[in-house]
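Undergrad: return a 3D structure for these sequence lines:
(one chain, ligands or ions: 1)
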Amino acid sequence: MASTDNCGFSDIESQSSKTLLEYEEILFQESVSEKFKNFTHAAHGMLYALDDRLVFGMFRQRAAILMQLRFDGILGFPGGLVDPGENPMEALNREMEEEINLDLTQHPFTNDNHLVTFLHHKKQLVLHFFTKEVSLDQFKNIELKSLNAKEYGLECFGSIRPPLFTMEDGFKGLPAFLSNQFAGNSREQLLYALKSRNIITSEEIATCVESMKRHVENNR
Ligand SMILES: O=c1[nH]cnc2c1ncn2[C@@H]1O[C@H](COP(=O)(O)OP(=O)(O)O)[C@@H](O)[C@H]1O
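TA: Sure, this is the predicted structure:
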């Protein structure tokens, strides 16, 4: 049922069974919440800043992206379940404050920041995904403030920046990062955002996914 085959990663197979193949991209409308009201809804957000600096003077990083190491040892974006009476945006802002101490007076997520929503029929799960661009200075402040988040050291074990370049061996960098374990469909959300925010081309994403898949295959 995957409809997102224009991003160069619709055929991801990985060690995780939770791949994009199982998720269907759906429109984000008021009616979605009504139609899927018996489903579990979650909202996650990607804060990012463009960063054109070179790593080791040769690899362009392109963007700083905030992901986090979770309590369960796997990677994901800040966010969480939508509570009864909340809409996805409200849930996201609440979770952003709890998990990374985001200053909502300065950097609130709005519905304009919504990027994509995925549906998992079997799991009855609706995953709403938002992205928000900030300046690199703002990004660093957000990272620093996250150490004082209520959930730091409890649910959240620190923010991390995925490397967005690929090194000479074709694996180190982004493909190696992608071969980690990810919560929900956060790996696919990351790739979707990289493509749709024009941070990395779909061709390069496809190459990285191929390299990641080869690595996973070779290490079975
Ligand atoms: O970064 C993410 N992107 C997409 N889905 C995620 C991400 N992190 C967790 N999930 C999924 O969202 C649901 C809610 O998980 P989460 O642990 O974030 O919520 P909670 O903090 O309210 O318990 C779970 O089904 C989980 O697999």
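Undergrad: which helix or which strand is home to the residue in the chain positioned nearest to the ligand?
TA: Closest residue of the chain to the ligand, Cβ to the nearest ligand atom: residue 184 (2.2 Å). Quick note: C-beta positions are derived from backbone N, CA and C, even for glycine. Counting by DSSP states H and E, no helix or strand carries residue 184.
Undergrad: burial count for it?
TA: 22 (other Cβ atoms under 10 Å).
Undergrad: got it, and the one 3 residues further on?
TA: When counting by other Cβ under 10 Å, one arrives at 28 neighbours for residue 187.
Undergrad: same question for residue 164.
TA: Using other Cβ under 10 Å, the number of residues around residue 164 comes to 23.
Undergrad: just say helix, strand or coil for it.
TA: coil (DSSP: H, G, I helix; E, B strand; the rest coil).
Undergrad: regarding the residue nearest to it when sequence neighbours are not counted, what are the backbone dihedral angles?
TA: Residue nearest to residue 164 in three dimensions, not counting chain neighbours: residue 62, with 4.9 Å by Cβ to Cβ, 6 or more residues apart in numbering. When read as degrees, to the nearest 10, the backbone of residue 62 gives phi 80, psi -40.
Undergrad: please shift the residue numbers so they start at 442 in all later answers.
TA: Renumbered: residue one is now 442, and that last one reads residue 503.
Undergrad: residue 503: what's it in contact with?
TA: Neighbouring residues of residue 503 by Cβ atoms under 8 Å, 6 or more residues apart in numbering: 491-493, 605-606, 640-641.
Undergrad: right, and the residue of the chain closest to the ligand touches residue 515 too?
TA: No - look at residue 625 against residue 515 with Cβ atoms under 8 Å: they stay out of range, at 9.6 Å.
Undergrad: just name the shakiest helix or strand of this structure by mean pLDDT.
TA: One helix or strand of the chain scores below all others by mean pLDDT, DSSP states H and E: helix 471-476, with a mean of 66.
Undergrad: sorry, back to before: how far away is the residue nearest to residue 605 from residue 577?
TA: Going from residue 503 to residue 577 by Cβ to Cβ, to the nearest Å gives 12 Å.
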